[in-house]
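Enquirer: this one's structure only:
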Ligand SMILES: Nc1ncnc2c1ncn2[C@@H]1O[C@H](COP(=O)(O)OP(=O)(O)OP(=O)(O)O)[C@@H](O)[C@H]1O
Ligand SMILES: [Mg+2]
């Protein structure tokens with residue numbers, strides 16, 4: 001019935017459930033109580049009919065009826081407490097599991113996010129876990145409870161009258177065969193349902209993120225059509241599931257009625273012959289209900305267990321997805337703490353890199369050297385690999401070829417947590433959270449004081465515009481900085497990099513153009529950085545980087561020219577060409593830029 005894989009899921013779930021033994025225990029002790037009531041009630045029926053009504057001795061009848069009511073009440077109470085406490089255990093455990101899964105997703109490597117749409121992870125964290133919380137605990141435990149209950153009632157039947165019990169037993173093999181058959185069918189469908197749902201959610205999420213673009217280009221109909229295609233698989237699988245569910249339900253209800261008829265037909269004759277008492281016959285009919293209701297629910301329980309197992313299968317995939325630094329040989333943070341306390345040098349030595357085995361190399365034999373206090377700038381046309389160099393420095397991607405030495409230690413051997421404090425990164429694609437300005441600069445890091453946040457804003461000349469906003473640092477940003485201008489968003493992102501306080505500033509300048517006043521502020525801030533810090537800058541505004549000690553010109557993943565501004569200009573190569581292009585765009589002459 002339960003496969004070894006399913007057992008693994010049970011074990012995994014137990015990891016989280018074991019913190020909630022108390023509600024689980026309270027729920028579980030209701031189980032024997034409920035089963036005892038299930039047996040006591042038919043026994044009381046026999047007593048009432050045979051020893052009181054049929055025997056014509058009405059003394060004590062009301063006491064027995066009173067006990068029947070008590071047993072019924074206890075039965076209902078036990079059942080409701082049982083379901084309340086187990087549901088509670090399930091929800092609490094799922095809460096733990098969700099936190100653990102989220103913690104894990106946050107630590108997954110960038111390659112995972114490259115290949116997985118955000119919506120897929122989202123639906124793992126929401127609907128998959130929900131379905132486990134809803135159906136797993138109650139499903140599995142109820143299945144066990146119902147099995148024990150059915151077995152107990154059956155034994156009790158044999159104990160009272162084995163011939164009548166045999167009649168009931170005849171219907172078991174077809175029912176077991178049927179449920180087994182449907183179980184397999186349902187599981188396959190649930191897997192399809194869940195992955196189709198995840199894909200659909202992924203698509204939805206992307207569309208909602210890009211809804212402004214969709215509306216702007218009037219692409220609503222196409223997007224809607226695509227969504228319908230995405231959800232079609234989901235709907236088909238659900239329809240098939242429904243069909244199996246309904247068929248099974250009606251077949252089992254049918255079998256129940258036929259068995260009751262059989263028992264009445266066979267039993268009535270035996271009652272007339274005096275072989276069994278009327279009390280026994282009525283008790284049997286009552287017990288049949290007790291067997292058939294669980295038997296019928298068996299299928300829906302199995303369905304919900306299948307659903308939760310399918311959800312589990314998806315969640316397990318995430319739990320076994322290797323973490324960022326899993327399986328890599330790393331030096332111990334304590335051993336290199338001293339050497340990572342301050343930045344002294346960074347050396348790229350013949351570094352080649354590709355994003356995955358199928359894609360072409362985007363960096364080829366890249367070599368350069370950066371010492372404390374120096375500034376290196378990277379220029380080159382779009383897609384030439386500049387941002388990739390920065391991603392490697394930050395260990396966002398780790399499988400590079402060649403050698404990257406940070407303070408003379410191979411980067412791949414340095415645990416990320418030991419080196420990230422050295423770098424402050426200003427990303428090319430500015431991302432702002434729907435929080436206030438303060439949070440967006442400090443990123444919620446308590447180690448960054450309020451003064452440090454303000455200092456950082458001052459450093460990049462963002463203070464003035466922030467003070468003009470309603471609420472200043474408490475001004476709440478809309479979706480990804482929707483209520484700021486592009487330039488202001490860049491300044492916030494710039495302040496964020498400075499607030500991180502790293503000794504080396506990695507500056508991946510955004511390409512989006514900004515108004516001339518903000519532009520000027522950004523230029524001023526970058527100029528200040530170049531005078532005071534160790535900087536690696538990717539600049540699209542070439543005027544910014546003229547003062548760099550070294551300018552690396554990249555083309556198709558290679559460094560094709562290097563030197564300072566003057567030497568590169570004298571070379572009259574690609575750099576000079578880029579300058580000329582920039583001058584053309586700005587309507588300036590090359591002479592002016594010089
Ligand atoms: N996550 C990724 N997966 C696969 N390929 C990628 C990924 N990111 C970038 N690339 C590819 O790597 C190449 C270099 O990209 P990179 O972002 O380093 O360019 P860039 O020089 O920073 O360009 P830009 O000036 O436009 O910012 C490009 O051809 C790009 O298509
Ligand atoms: Mg880039």
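Expert: Cool, got the structure. Predicted model, so just to flag it, every value in this text is computed and none were measured. Numbering: from 1, shown residues only. Ligands and ions are numbered 1, 2, ... in the order given.

Enquirer: and the residue of the stretch 401-550 of the chain that's closest to ligand 2?
Expert: Residue nearest to ligand 2 within the stretch 401-550 of the chain: residue 428 (4.7 Å; Cβ to the ion). C-betas here are computed from N, CA, C, even on glycine.

Enquirer: wait, that residue touches residue 507, no?
Expert: No - counting by Cβ atoms under 8 Å, residue 507 is not a contact partner of residue 428; they are 9.4 Å apart.

Enquirer: anything in contact with each of those two?
Expert: Shared contacts of residue 428 and residue 507 (Cβ atoms under 8 Å, 6 or more residues apart in numbering): residue 538.

Enquirer: more crowded one of the two?
Expert: Neighbour totals were compared for residue 428 and residue 507, and residue 507 leads with 27 against 17 (other Cβ atoms under 10 Å).

Enquirer: got a list of what the more buried one touches?
Expert: 426, 497, 526, 529, 535-539.

Enquirer: let's see it at 7 Å
Expert: Going by Cβ atoms under 7 Å, 6 or more residues apart in numbering, residue 507 touches 426, 526, 535, 537-538.

Enquirer: turn these into TSV, columns for secondary structure and pLDDT.
Expert: Listed next are the contacts of residue 507 as TSV, based on DSSP: H, G, I helix; E, B strand; the rest coil; pLDDT from 0 to 100:
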residue	secondary structure	pLDDT
426	strand	85
526	helix	82
535	strand	89
537	strand	87
538	strand	88
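
Enquirer: hmm, who's touching stretch 74-91?
Expert: With contacts defined as Cβ under 7 Å, 6+ apart, stretch 74-91 is touched by 17, 20, 23-24, 26-27, 30-31, 33-34, 37-38, 133, 136-138, 141.

Enquirer: now the residue of the stretch 101-250 of the chain found nearest ligand 1, nearest residue through space, not along the chain?
Expert: Using Cβ to the nearest ligand atom, the closest approach of the stretch 101-250 of the chain to ligand 1 is made by residue 114 at 4.6 Å. By the measure of Cβ to Cβ, 6 or more residues apart in numbering, the closest residue to residue 114 outside its immediate chain neighbours is residue 355, 7.0 Å from it.

Enquirer: per-residue confidence at the one you found?
Expert: Note on residue 355: pLDDT of 90.

Enquirer: and if you look at the one 4 residues further on?
Expert: Residue 359 carries a pLDDT value of 87.

Enquirer: enumerate the residues of this structure near ligand 2.
Expert: Contacts of the chain with ligand 2, taken as Cβ under 5 Å from the ion, map to 387, 428.

Enquirer: for ligand 1, what are the nearby residues on the chain?
Expert: Residues of the chain lying near ligand 1 by Cβ under 6 Å from any ligand atom: 114, 355, 359, 362, 380, 382-388, 428.

Enquirer: try it again with 5 Å
Expert: Applying Cβ under 5 Å from any ligand atom, we find that the chain lies next to ligand 1 at 114, 355, 362, 382-388.

Enquirer: can I get the contacts of residue 507 in TSV with distance to residue 189 and neighbour count?
Expert: Formatted as TSV, the contacts of residue 507 follow (distance: Cβ to Cβ, whole Å; neighbours: other Cβ atoms under 10 Å):
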residue	distance to residue 189	neighbour count
426	49	25
526	58	24
535	57	23
537	55	24
538	50	24
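
Enquirer: strands - which of the contacts of stretch 74-91 land there?
Expert: Using DSSP state E, no member of these falls in strands.

Enquirer: leaving aside the residues next to it on the chain, what's closest to residue 483?
Expert: That would be residue 477: by Cβ to Cβ, 6+ apart, it lies 6.4 Å from residue 483.

Enquirer: just give the number of residues close to the one you found.
Expert: Residue 477 is flanked by 21 other residues according to other Cβ under 10 Å.

Enquirer: residues touching it, list them.
Expert: So residue 477 contacts 432, 434-435, 437, 440, 483-484 (Cβ under 7 Å, 6+ apart).

Enquirer: now, of those, which are buried?
Expert: Buried residues within these, defined by neighbour count using 16 or more other Cβ atoms under 10 Å: 432, 437, 440, 484.

Enquirer: among these, which lie within helices?
Expert: In helices, defined here by DSSP state H, the members of the buried ones among the contacts of residue 477 are 437, 440.

Enquirer: let me see the ranges of the strands in the stretch 451-594 of the chain.
Expert: In the stretch 451-594 of the chain, the strands defined using DSSP state E, counting those that start in this stretch lie at 504-508, 534-538, 550-555, 558-563.

Enquirer: the first one pairs with which strands, parallel or anti?
Expert: Meaning strand 504-508. Sheet neighbours of strand 504-508, with direction, are listed as strand 423-426 (parallel), strand 534-538 (parallel) (DSSP bridges).

Enquirer: so which of the ones you listed gets nearest residue 547?
Expert: Nearest of the strands paired with strand 504-508 to residue 547, taken as Cβ to Cβ: strand 534-538 at 10.2 Å.

Enquirer: pLDDT score assigned to the closest residue to residue 337 other than its chain neighbours?
Expert: The shortest distance from residue 337 to any residue other than its chain neighbours is 6.9 Å, reached at residue 418 (Cβ to Cβ, 6+ apart). pLDDT for residue 418: 86.

Enquirer: low-confidence regions, the stretch 451-594 of the chain specifically.
Expert: Within the stretch 451-594 of the chain, the ranges that satisfy pLDDT under 70 run 510-514, 583-594.

Enquirer: pull the number of nearby residues for the spatially closest residue to residue 247 that is not a sequence neighbour.
Expert: In space, and not counting its chain neighbours, residue 247 is closest to residue 182: 7.9 Å by Cβ to Cβ, 6+ apart. By other Cβ under 10 Å, the residues close to residue 182 number 20.

Enquirer: wait, residue 182 touches residue 245, no?
Expert: No - using Cβ atoms under 7 Å, residue 182 makes no contact with residue 245, being 8.1 Å away.

Enquirer: returning to what we had before: how is the residue of the stretch 401-550 of the chain closest to ligand 2 assigned, secondary-structure-wise?
Expert: Assigned with DSSP: H, G, I helix; E, B strand; the rest coil, residue 428 falls in the coil class.

Enquirer: which of the buried ones among the contacts of residue 477 sits closest to ligand 1?
Expert: Nearest to ligand 1 among the buried ones among the contacts of residue 477 is residue 432, at 19.0 Å by Cβ to the nearest ligand atom.

Enquirer: re the thing from before, the residue nearest to residue 337 sits in which helix or strand?
Expert: helix 416-419 (DSSP states H and E).

Enquirer: what about the helices in the stretch 351-500 of the chain?
Expert: With helices called from DSSP state H, counting those that start in this stretch, the stretch 351-500 of the chain shows them at 386-393, 416-419, 437-442, 450-459, 463-468, 486-499.

Enquirer: ok, back up a step: now the contacts of stretch 74-91: which count as buried?
Expert: Buried positions within the contacts of stretch 74-91, assessed by neighbour count (16+ other Cβ under 10 Å), are 17, 20, 23-24, 26-27, 30-31, 33-34, 37-38, 133, 136-138, 141.

Enquirer: in helices, which of these fall?
Expert: Checked against DSSP H, those include these in helices: 17, 23-24, 26-27, 30-31, 33-34, 37-38, 133, 136-138, 141.

Enquirer: of those, closest to residue 396?
Expert: Nearest to residue 396 among these: residue 133, at 33.8 Å, using Cβ to Cβ.

Enquirer: residue 183 touches residue 302, doesn't it?
Expert: Yes - counting by Cβ under 7 Å, residue 302 is a contact partner of residue 183 at 5.2 Å.

Enquirer: mind listing what residue 244 touches?
Expert: The neighbours of residue 244, taking Cβ under 7 Å, 6+ apart as the test, are 182, 185-186.

Enquirer: helices - which of the residues you listed land there?
Expert: Per DSSP H, the contacts of residue 244 map to helices at 182, 185-186.
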